[in-house]
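Engineer: okay, here's the prediction I keep looking at, along with the sequence it came from:
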Amino acid sequence: AIGEEFGATWQLWPQGEKRRVLIMVSKFEHCLNDLLFRARVGELPIEIAAVVSNHPDHRELVEWHGIPFFRVPVTKETKPEAEAKLLELVDRFEVDLVVLARYMQILSDDLARELTGRAINIHHSFLPSFKGAKPYHQAWERGVKTVGATAHFVNSELDEGPIIAQQLVEVDHAFTPEDLVAAGRDAECKALSNAVKWHCDGRVFLSGKRTVVLR
């Protein structure tokens, strides 16, 4: 009744119950590695149910952790079938949250809508600055003095979803684009792990284009 009065939806999760997570990744493995480690040592309240990639590179790493790995190649022609396979895996593994850990494919509007409120992406810039491809190179061209990373909910607009967590790193004129990429990796890992933890702790609330994160 209270939810109806305020136009809100809500869920109750048992305290201490781990959320089932499916990770999506492409070639860059630093965020994947970080999530695998934090889950393994108990820093995150999650159980990684499966990992999906459009490349075969991380199979050995993932399976060493005892986690199922699925390669789902994506081309323009096969994208509908690939996304149908993803949703089948989400259902099969009873996934609570999908995490795009540097997954470098743009989700279709239909898939983004299907995963509303239960998919988190990491973008390697301090949004709303430097959206799209190669944000560190964009940042270098503008001579920025900080670079950062943004973890946000996925929606149908590229890099426009409600922001959950952000991290910044100070840089200077001596940094090359490659230096900025290296400096940003830690920020990406920290922003993403914070967002996953806060969401799985039940502390993140969607409010239009914004989030409210209870501390």
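Structural biologist: That came through fine.
Engineer: any idea which element the residue nearest in space to the middle of the chain lies in?
Structural biologist: Ranked by distance to the mean C-alpha position of the chain (CA atoms, centre = their mean), the top residue is Asn121 at 2.8 Å. In this structure, Asn121 sits in strand 119-123 according to DSSP states H and E.
Engineer: quickly run through the sheet partners of that strand, with directions.
Structural biologist: strand 97-100 (parallel), strand 146-153 (antiparallel) (DSSP bridges).
Engineer: which residues does the first one contact?
Structural biologist: Looking back up the chat, that one is strand 97-100. 19-24, 35, 46, 90, 115, 118-122, 154, 192, 196, 199-200 (CB atoms under 8 Å, 6 or more residues apart in numbering). C-beta here means a position set from N, CA and C on the backbone, and glycine is covered the same way.
Engineer: let's see it at 6 Å
Structural biologist: For strand 97-100, contacts defined as CB atoms under 6 Å, 6 or more residues apart in numbering pick out Arg19, Val21, Leu22, Ile23, Met24, Leu115, Arg118, Ala119, Ile120, Asn121.
Engineer: and of the residues you listed, the nearest to Val62?
Structural biologist: Ile23 (8.5 Å; CB to CB).
Engineer: which SS state does the closest one fall under?
Structural biologist: Here Ile23 is strand, with the state taken from DSSP: H, G, I helix; E, B strand; the rest coil.
Engineer: quick one, what contacts it?
Structural biologist: Val51, Val99, Ala101.
Engineer: likewise for Phe70?
Structural biologist: With the criterion set at CB under 6 Å, 6+ apart, Phe70 makes contact with Val52.
Engineer: following the helix or strand it falls within, which helix or strand comes up?
Structural biologist: In the assignment (DSSP H and E), Phe70 maps to strand 69-71. Going down the chain from strand 69-71, the next helix or strand is helix 79-92, by DSSP H and E.
Engineer: what's next to that following helix, contact-wise?
Structural biologist: Here helix 79-92 makes contact (CB under 6 Å, 6+ apart) with Ala50, Val72, Val74, Ser108, Leu111.
Engineer: any chance of the residues you listed in a markdown table, plus neighbour count?
Structural biologist: Shown next, in a markdown table, are the contacts of helix 79-92 (neighbours: other CB atoms under 10 Å):
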| residue | neighbour count |
| --- | --- |
| Ala50 | 19 |
| Val72 | 18 |
| Val74 | 20 |
| Ser108 | 14 |
| Leu111 | 20 |
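Engineer: from these, pick the one nearest Cys31.
Structural biologist: Taking CB to CB as the measure, Cys31 lies nearest Ala50 of those, at 16.0 Å.
Engineer: the closest residue to the closest one other than its chain neighbours: neighbour count?
Structural biologist: The shortest distance from Ala50 to any non-neighbouring residue, by CB to CB, 6 or more residues apart in numbering, is to Pro68 (4.6 Å). The local packing of Pro68 (other CB atoms under 10 Å) involves 15 other residues.
Engineer: any chance of the strands paired with strand 119-123 in a markdown table, plus mean pLDDT?
Structural biologist: A markdown table is the format used below for the strands paired with strand 119-123 (pLDDT from 0 to 100):
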| stretch | mean pLDDT |
| --- | --- |
| strand 97-100 | 98 |
| strand 146-153 | 92 |
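Engineer: as JSON lines, those strands with distance to Asp57 would be great.
Structural biologist: Formatted as JSON lines, the strands paired with strand 119-123 follow (distance: least, CB to CB, whole Å):
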{"stretch": "strand 97-100", "distance to Asp57": "16"}
{"stretch": "strand 146-153", "distance to Asp57": "22"}
